[in-house]
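Novice: need coordinates for the below:
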Amino acid sequence: MSDITLTAGIRNNLLSLQQTSADLTTTQEQLATGKKVNSAADNPSSYFTSQNLTNTANSLSALLDQIGQGQQTISAATDGLTGISSLLQQALATVQQAQQASPTTAAAVSGTIDVNTTPVTAGTLVISVGANNYSVSIGASETVSNIEAAINGTTGLGSTGAITATDDGSGHLILTANSPSTSFTVNASAGEAASIGLSTTEVFGQSTTRGTLQTNFNGLLTQINQLAGDANYNGVNLLTSDNLTIEFNQSGSSSLTINGVGFTSSGLGLSAISGTGAGSFQNDATLTGKIASINAALGQVQAQTETFGTTSGVIGTRQTFTTNLINTLQTGASNLVVADQNQASANLLTEQTQQQLEISALSIANQANQSVLKLFG
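Specialist: Numbering: from 1, shown residues only. This next block holds a predicted model:
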């Protein structure tokens, strides 16, 4: 009320009491919140700087989660590579076992006859399958295609018979049994046998063990395909050519792209084997080629494992760095606004004492006024 006049002493004591009450309220808020800056009104510079540091730390925390997920994606791919490597080792052992399992007779299941010798001497080939003998006439200087046609054109032979004749395109005639259980003998006169690179009597038999191992080999390739397809984490499969980009900062200027690989069996240069011909496990050259292919695939898997390992190390380093940076930002943000609890407690005690003294002083000032009133009593 503006029409009331206070003495100078009372007014000064009242102002001091008001200021102390305000300070007391501020100190109590600091103790309650743990912060010395609770709003922009307390300290605009510290408040907004702390907010910016906190927001940056929160953004990095979100990125840290993404970095961790990327690390898990690589771990899934690495686990897949370990499994594929094991399956390749089993496939290698299967082929090596097939090499040791020689056919039941002297030569391969597919008879390979070299007709590069010129001129081919006229004569007759006698192909014996069980109790059946098939005679095939060969003229002088016949080409491999003509010999092939003559054999396949003989009743009982060819694709609908017991034995099929093909060639490898390099002058080698290939005789293949149409049934896994079939073995056969080729007879020729001495002169003709010598001209086409064949002993007088040559027996072709077939290994049942090699046939079983061929089936096992194909099964392992199927398992490789399935394992590569299962090396998926959160929708990303680095073994089936998916790529993954990991961001290391908010602007995207710092990142790492991990290129996926196609590590199915075909992607590793391996294919299933079918039939019993020259391209099957019954042929030693085929087995030798498969061993080379498997070793090459193992080399690819090993190299990719090392690549993923290096990438994982980089991501781990960035995880540690980002974690430490978040801690630095949060500490800096806290330092700008956090209250010293010991100091605030001491301030509270002092302010409470000061408030009591100021109330006492205000009371003394009022008593002085009351003494003046007694003069009119």
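
Novice: what's residue 249 sitting at in phi/psi?
Specialist: Backbone torsions of residue 249, given as degrees, to the nearest 10, read phi -140, psi 170.

Novice: is it true that it touches residue 66?
Specialist: No - using C-beta atoms under 8 Å, residue 249 is not in contact with residue 66, being 11.4 Å away. (Each C-beta comes from the backbone N, C-alpha and C, glycine too.)

Novice: where do the helices sit along the protein?
Specialist: 8-33, 44-100, 144-152, 190-195, 208-230, 284-337, 341-374 (DSSP state H).

Novice: list the buried ones in the third one?
Specialist: When neighbours are counted by 16 or more other C-beta atoms under 10 Å, the buried residues of helix 144-152 are found to be 144, 147-148, 150-152.

Novice: what about it, average pLDDT?
Specialist: Average pLDDT, helix 144-152: 89.

Novice: can you name every helix or strand that it contacts?
Specialist: strand 132-138, strand 163-167, strand 172-177 (3 or more C-beta pairs under 8 Å, 6 or more residues apart in numbering; DSSP states H and E).

Novice: keeping just the C-alphas, turn that helix into CSV.
Specialist: Coordinates of each C-alpha in helix 144-152 appear next as CSV, following Å, rounded to 0.1, in the frame of the first residue of the first chain:
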residue,chain,number,x,y,z
VAL,A,144,36.3,-89.5,-83.3
SER,A,145,32.9,-88.2,-84.2
ASN,A,146,32.4,-91.1,-86.6
ILE,A,147,33.6,-93.7,-84.1
GLU,A,148,31.2,-92.1,-81.5
ALA,A,149,28.3,-92.3,-83.9
ALA,A,150,29.1,-95.9,-84.8
ILE,A,151,29.1,-97.0,-81.2
ASN,A,152,25.9,-95.1,-80.3
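
Novice: pLDDT weak spots in the stretch 1-150 of the chain?
Specialist: For the stretch 1-150 of the chain, residues meeting the criterion pLDDT under 70 lie at 1-14, 16-36, 38-39, 41-42, 102-112, 114, 117-118.

Novice: as TSV, the helices and strands packed on helix 144-152 with distance to residue 309 and mean neighbour count would be great.
Specialist: Formatted as TSV, the entries for the helices and strands packed on helix 144-152 read as follows, by distance: least, C-beta to C-beta, whole Å; neighbours: other C-beta atoms under 10 Å:
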stretch	distance to residue 309	mean neighbour count
strand 132-138	61	15
strand 163-167	47	21
strand 172-177	46	22
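
Novice: okay, the ones you listed in a markdown table with distance to residue 258 next?
Specialist: Formatted as a markdown table, the helices and strands packed on helix 144-152 follow (distance: least, C-beta to C-beta, whole Å):
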| stretch | distance to residue 258 |
| --- | --- |
| strand 132-138 | 61 |
| strand 163-167 | 46 |
| strand 172-177 | 46 |
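
Novice: picking that back up, between the helices of the chain, which gets nearest to residue 269?
Specialist: Nearest of the helices of the chain to residue 269, taken as C-beta to C-beta: helix 284-337 at 5.4 Å.
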